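1. Generate coordinates for the sequence data below:
(one chain, ligands or ions: 1)
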Amino acid sequence: MTYIIDGHFDLLLDVAVKREQGRRKVIETDFLPEFVAGKVNIIVAAIFIDDKFLPEMGMRKALQQISALHAEASESPEKIMVCKNMNDIQTAKETGRVGFVLSLEGAEPISNDLSMIRLFYELGVRFMGLVWSRRNFVGDGSHFTPKREGRKGGLTDFGVQVVEEAEALGMIIDVSHLNDEGFWDVMEFANKPIIASHSNCRSIVNSMRNLTDEQIKAIASTNGVIGINGVNIFVADTDKDSDLDHLIDHVDHFVKLVGVEHIGLGLDMIEPFLKYDSPESLEDLPRKDFDVVKGHSKIPDLIRVLSKRGYKDEAIERILSKNFLRVYKEVWK
Ligand SMILES: [Zn+2]
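-> Predicted structure coming up:
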């Protein structure tokens, strides 16, 4: 069997908090059993910074999360490792370890300093998610649901330089959370394959966080990949419909538009981290968030539904990892 890659998971926030409280081997204890049960080989570990830490603490919180991952890898050397290149990805698989690749979910930690991109690269960050769902020095994010706001912009001049510098270093540009104006700017200024690590189809669920058909085609034209997102509000319009079958409707739509070569997994499991949202902020949401794929141990269920829906092993292997691996190989150094 092939590799299984989850192209987006926010575990480092949780790991860093628990380590601050004195715990060690958090990944081995709290997360590894799920990865092993689901036969997951590679996790793209997102560095996410909560609004309340910005701007002053953005860099520090990012470095704490990176430090936490490296510390965890040294505490559980036989079980997990940090991956920075294709060799590491292969080593993780061959030695039966789960490999972690670092990703920025929003460029806030670099602030407005281009030279910080190399620093994060040297620390192992291989994905540049330009924005989260808010504005930063690079550009504007797309909200989960419409908000009262003024006119949006595309990439700033600094944002264009970030795209160019990140690509020059060998980082993959990630457009999930970017607004439409910024998306099309990336298409103009980037030269390598582009990914949307965790985004679905807007023609199925009309959220700005999902991609229009034109955007899906544009990503495919760069030979890039889109990771399907398992959060209910991006899967279907009602909670009742938010299930594996409706998640695979997005796969069908991607395939219809651009073929199976441009789909991956970016499941974005959030239930383990909802405890960090205040009850008040959860109260304000029109729908309560939940995971359609309830833990990495449930990935075999997702594979069964793909198979039931007519996807052959070769197509499933592409979705589970081969497509993302193609992009890693082409962009990383
Ligand atoms: Zn996200």
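
2. ok, which stretches of the stretch 1-150 of the chain are strands?
-> Ranges of strands in the stretch 1-150 of the chain, per DSSP state E, counting those that start in this stretch, are 5-9, 42-47, 80-82, 98-105, 125-129.

3. Could you list every helix and strand in contact with the longest one?
-> By that I understand strand 98-105. helix 32-37, strand 42-47, helix 58-75, strand 80-82, helix 86-94, strand 125-129 (3 or more C-beta pairs under 8 Å, 6 or more residues apart in numbering; DSSP states H and E). Using the backbone N, CA and C atoms, a C-beta is placed for each residue, glycine as well.

4. Export the strands of the stretch 1-150 of the chain to CSV and append columns for distance to S207 and mean neighbour count.
-> Formatted as CSV, the strands of the stretch 1-150 of the chain follow (distance: least, C-beta to C-beta, whole Å; neighbours: other C-beta atoms under 10 Å):
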stretch, distance to S207, mean neighbour count
strand 5-9, 16, 28
strand 42-47, 19, 27
strand 80-82, 33, 20
strand 98-105, 17, 26
strand 125-129, 17, 26
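
5. part of a helix, is K322?
-> Yes: the assignment for K322, made by DSSP: H, G, I helix; E, B strand; the rest coil, places it in a helix.

6. Just confirm it contacts I4, I think it does.
-> No: the criterion here is C-beta atoms under 8 Å, and K322 misses it with I4 at 10.8 Å.

7. And those two? Which one has more around it.
-> Remark: of K322 and I4, I4 carries more neighbours, 23 against 19, as counted by other C-beta atoms under 10 Å.

8. closest one to K308 among the strands of the stretch 1-150 of the chain?
-> strand 5-9 (21.3 Å; C-beta to C-beta).

9. ok and the closest one relative to strand 125-129, angle-wise?
-> Put simply, strand 5-9 runs at 60 degrees to strand 125-129, going by axes from the mean of the first three to the mean of the last three C-alpha atoms, to 10 degrees.

10. elements contacting strand 5-9?
-> The contact analysis (3+ C-beta pairs under 8 Å, 6+ apart) places strand 5-9 against strand 42-47, strand 225-228, strand 263-265, helix 323-331.

11. ok, 7 Å please
-> strand 42-47, strand 263-265 (3 or more C-beta pairs under 7 Å, 6 or more residues apart in numbering; DSSP states H and E).

12. now these as CSV including mean pLDDT?
-> Shown next, in CSV, are the helices and strands packed on strand 5-9 (pLDDT from 0 to 100):
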stretch, mean pLDDT
strand 42-47, 98
strand 263-265, 98
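
13. how about TSV for those, with distance to K312 added?
-> As requested, the helices and strands packed on strand 5-9 are arranged in TSV below (distance: least, C-beta to C-beta, whole Å):
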stretch	distance to K312
strand 42-47	23
strand 263-265	14
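
14. Name the residues that touch stretch 277-295?
-> With C-beta atoms under 7 Å, 6 or more residues apart in numbering as the test, stretch 277-295 has contacts from 34, 145, 230-233, 235, 239, 242-244, 247, 267, 269-271, 274, 299, 302.

15. One more: stretch 50-70?
-> 12-13, 15-16, 19, 45, 47, 49, 82, 100, 102, 108-109, 111, 123, 134.

16. and if you look at stretch 117-131?
-> With contacts defined as C-beta under 7 Å, 6+ apart, stretch 117-131 is touched by 44, 66, 82, 84, 101-107, 109-110, 138-141, 159, 162, 165-166, 169, 171-178, 182, 197, 332.

17. what's the first-to-last distance across that stretch?
-> Stretch 117-131 has its terminal residues 14 Å apart, counting by C-alpha to C-alpha, to the nearest Å.

18. can you check stretch 306-315 too?
-> For stretch 306-315, the first-to-last residue distance is 9 Å (C-alpha to C-alpha).

19. chain center to that stretch, what's the gap?
-> Here stretch 306-315 is found 23 Å from its chain centre; the criterion is C-alpha atoms, centre = their mean, to the nearest Å.

20. just stretch 261-274 next, same as before
-> That offset, for stretch 261-274, works out to 7 Å (C-alpha atoms, centre = their mean).
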